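# output the structure for:
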Amino acid sequence: METVYDFTLPKGYMDTSGQLHCKGKMRLATAGDEISATRDPRVLANPSYLTIVILSKVITQLEGLDAVTATTIEQLFTADLAYLQDIYQRVNDVVPPTMQCVCPDCGKTFDVPLNFTQEG
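Below you'll find the predicted structure:
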């Protein structure tokens, strides 16, 4: 099973000296990554920050950088952020499972997303 994925950013991360960094590696996320990200004070203050924190945990390498931090992810161009979000969703199968159902009236089949969480 592949657990680390290579990527090339469409625009690239530009460091303070103006150098672009485009090639990197992303690993599969763990439950711990997602749980700890939801407890991060930045996420508690602004839930939109969740993506930044999670990506900073799973991106293990960006060419020429010693470490990838949330600050690094914040400074990405929006095209690169969208690209990384797409990779994250694809490699971690962040698509809810579905069940094929048949309409009892017309007989047409369709997929229904399964939600395993219960709300109030």
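# Tyr49 against Pro41, yeah?
No. The pair Tyr49 / Pro41 is not scored as a contact, 9.5 Å apart, by Cβ atoms under 8 Å. For glycine as for every other residue, the C-beta is placed from the backbone atoms N, C-alpha and C.
# which of the two has more neighbours?
Tyr49 (18 against 8; other Cβ atoms under 10 Å).
# which SS class is that one?
Secondary structure for Tyr49, judged by DSSP: H, G, I helix; E, B strand; the rest coil, is helix.
# list the contacts for it?
Asp40, Arg42, Val43, Ala70 (Cβ atoms under 8 Å, 6 or more residues apart in numbering).
# now do it against Val112, distance only.
In this view, Tyr49 and Val112 are 32 Å apart by Cβ to Cβ, to the nearest Å.
# what's the neighbour count on the closest residue to Gln85 other than its chain neighbours?
Among residues not flanking Gln85 along the chain, Thr51 sits closest, at 6.2 Å (Cβ to Cβ, 6 or more residues apart in numbering). Burial of Thr51, expressed as a neighbour count using other Cβ under 10 Å, amounts to 16.
# now swap in Gln85 and tell me
For Gln85, the count of nearby residues is 14 (other Cβ under 10 Å).
# so it lies in a helix, does it not?
Yes. Per three-state DSSP, Gln85 lies within a helix segment.
# and the pLDDT at it?
Note on Gln85: pLDDT of 95.
# the residue nearest to Gln85 contacts Asp86, correct?
No. Using Cβ under 8 Å, Thr51 is not in contact with Asp86; the gap is 11.5 Å.
# secondary structure element for the residue most central in space within the chain?
The geometric centre of the chain, computed from its C-alpha atoms, lies nearest to Tyr88 (Cα atoms, centre = their mean), at 3.6 Å. Here Tyr88, judged by DSSP states H and E, is contained in helix 78-91.
# His21 now?
Assigned by DSSP H and E, His21 belongs to strand 20-27.
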